[in-house]
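Chemist: quick one, fold the following:
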Amino acid sequence: MQFRQQALAKLQSPEELDLPVRLARPQGWLALLVTVLVVAAATVWAVTGSVASTVGAPAILTHGQGSYILQSPVSGQVTAVLARQGQRLAADSPVLKVRTGQGESVVRTVAPGRITTLAATIGQIIQTGADVAAVEKIAHASDPLYATVYVPAENATAIPANAPVDLTVSSVSTQEYGVLRGHVKSVDRTAQSAQSIAAFLGDGQLGEQFTKDGRPVAVLVRLDTSSATRSGYHWSSADGPPYALDSMTLATGSIRLADQRPVDWLLP
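Modeler: Residues are numbered from 1 along each chain as shown. Here you go, the predicted model:
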């Protein structure tokens, strides 16, 4: 009976059509506006934005043309060492004298370059084809240095032309002088074996070292030059180290890869 009386009273009362209806509180509108803006910004970034990434890999400073292994064309005993490590020699320059059964023979350089390793000593008995020296190919003393970075093969396609590269040089204090700057000159898409790296660098141990985690690709890096530094190259610090850089110096390269889109859109 009580509920029936309440229902009859409701029917007899006029409709309250003139009263305002509150859809949401001001705080609610503010929260909704913020949410809409965040979603809109995220959508725009997903479509037009990109994510930068880098790859780090071992590197070495060279003069770009590589090295070669000088082998003895004769068998015999070494009687004289005519070159010294670090010396630059012209093509056909004498390196060793070897006493053979037919007389004395001279082992000479094949191409101009700098002696990086001397494997033969006076009194040593060597066989035909024995490795006696490693020679870095240098045509002129002013030839610039390059860096070769041995990057994992799966990252090769993501390296853009002229990508910036930071090089941490093993002989330079990073905390004091920073990193060496450069840009990608070329990317060799062929995976390198230990033998091919050893042939290019003239060092079998480096070939094994650079392939211990798999066969990498060689990325040639052009070093940025600067007339304001003692080394002649651009560093992240103002002056860089107060001395020149040597070839065949080990380093670690950090290469910026092509920017990646955060969202891949699938089209039907």
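Chemist: mind listing the strands for the protein?
Modeler: According to DSSP state E, the chain carries its strands in the segments 54-62, 67-71, 76-81, 88-89, 94-100, 103-108, 113-118, 125-126, 131-137, 146-152, 164-169, 180-187, 216-223, 249-256.
Chemist: which one of the ones you listed lies nearest to residue 206?
Modeler: Among those, the nearest to residue 206 by Cβ to Cβ is strand 54-62 (7.0 Å). No exception for glycine: its C-beta is placed from N, CA and C like everyone else's.
Chemist: contact partners of the closest one?
Modeler: With Cβ atoms under 8 Å, 6 or more residues apart in numbering as the test, strand 54-62 has contacts from 136, 145-152, 155, 158-159, 167, 169, 201, 206, 209-210, 216, 219, 221, 245-257.
Chemist: and the angle for that strand with strand 249-256?
Modeler: Here strand 54-62 runs at an angle of 150 degrees relative to strand 249-256 (axes from the mean of the first three to the mean of the last three Cα atoms, to 10 degrees).
Chemist: now strand 54-62 - C-alpha only, PDB.
Modeler: What follows is strand 54-62, C-alpha atoms only, in PDB (Å, rounded to 0.1, in the frame of the first residue of the first chain):
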ATOM      1  CA  THR A  54      73.100   2.100 -32.600                       C
ATOM      2  CA  VAL A  55      75.300  -1.000 -33.000                       C
ATOM      3  CA  GLY A  56      78.700  -1.400 -31.400                       C
ATOM      4  CA  ALA A  57      81.400  -3.500 -32.900                       C
ATOM      5  CA  PRO A  58      85.200  -4.000 -32.800                       C
ATOM      6  CA  ALA A  59      87.200  -1.800 -35.200                       C
ATOM      7  CA  ILE A  60      90.800  -1.000 -36.300                       C
ATOM      8  CA  LEU A  61      92.400   2.100 -37.700                       C
ATOM      9  CA  THR A  62      94.200   1.600 -41.000                       C
END
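Chemist: note down every partner strand of it and its orientation.
Modeler: Neighbouring strands of strand 54-62 in its sheet, by DSSP bridges, are strand 146-152 (antiparallel), strand 249-256 (antiparallel).
Chemist: just name the most buried of the ones you listed.
Modeler: Comparing the strands paired with strand 54-62 by mean neighbour count (mean count of other Cβ atoms under 10 Å), strand 146-152 comes out on top with a mean of 22.
Chemist: contact partners of that strand?
Modeler: Strand 146-152 is contacted by residues 55, 57-64, 159, 165, 167, 180, 182, 185, 192, 197, 200, 210-211, 213-214, 216-223, 251, 253, 255 when judged by Cβ under 8 Å, 6+ apart.
Chemist: same deal with stretch 198-214?
Modeler: Here stretch 198-214 has contacts from 58, 60, 62, 66-69, 116-117, 134-136, 148, 150, 152-153, 192-197, 216, 218, 248, using Cβ under 8 Å, 6+ apart.
Chemist: list buried residues within those residues.
Modeler: 58, 60, 62, 66-69, 116-117, 134-136, 148, 150, 192, 194, 196-197, 216, 218, 248 (16 or more other Cβ atoms under 10 Å).
Chemist: quick one: low-confidence parts of this structure?
Modeler: 1-32, 37-52, 258-268 (pLDDT under 70).
Chemist: where does stretch 171-188 sit relative to the chain's centre, distance-wise?
Modeler: Distance of stretch 171-188 from its chain centroid, counting by Cα atoms, centre = their mean, to the nearest Å, is 9 Å.
Chemist: kindly report the same for stretch 118-128.
Modeler: Relative to its parent chain, stretch 118-128 has a centroid offset of 37 Å by Cα atoms, centre = their mean.
Chemist: what about it, start to end distance?
Modeler: 16 Å (Cα to Cα, to the nearest Å).
Chemist: please identify the buried residues of that stretch?
Modeler: 118, 120, 124, 126.
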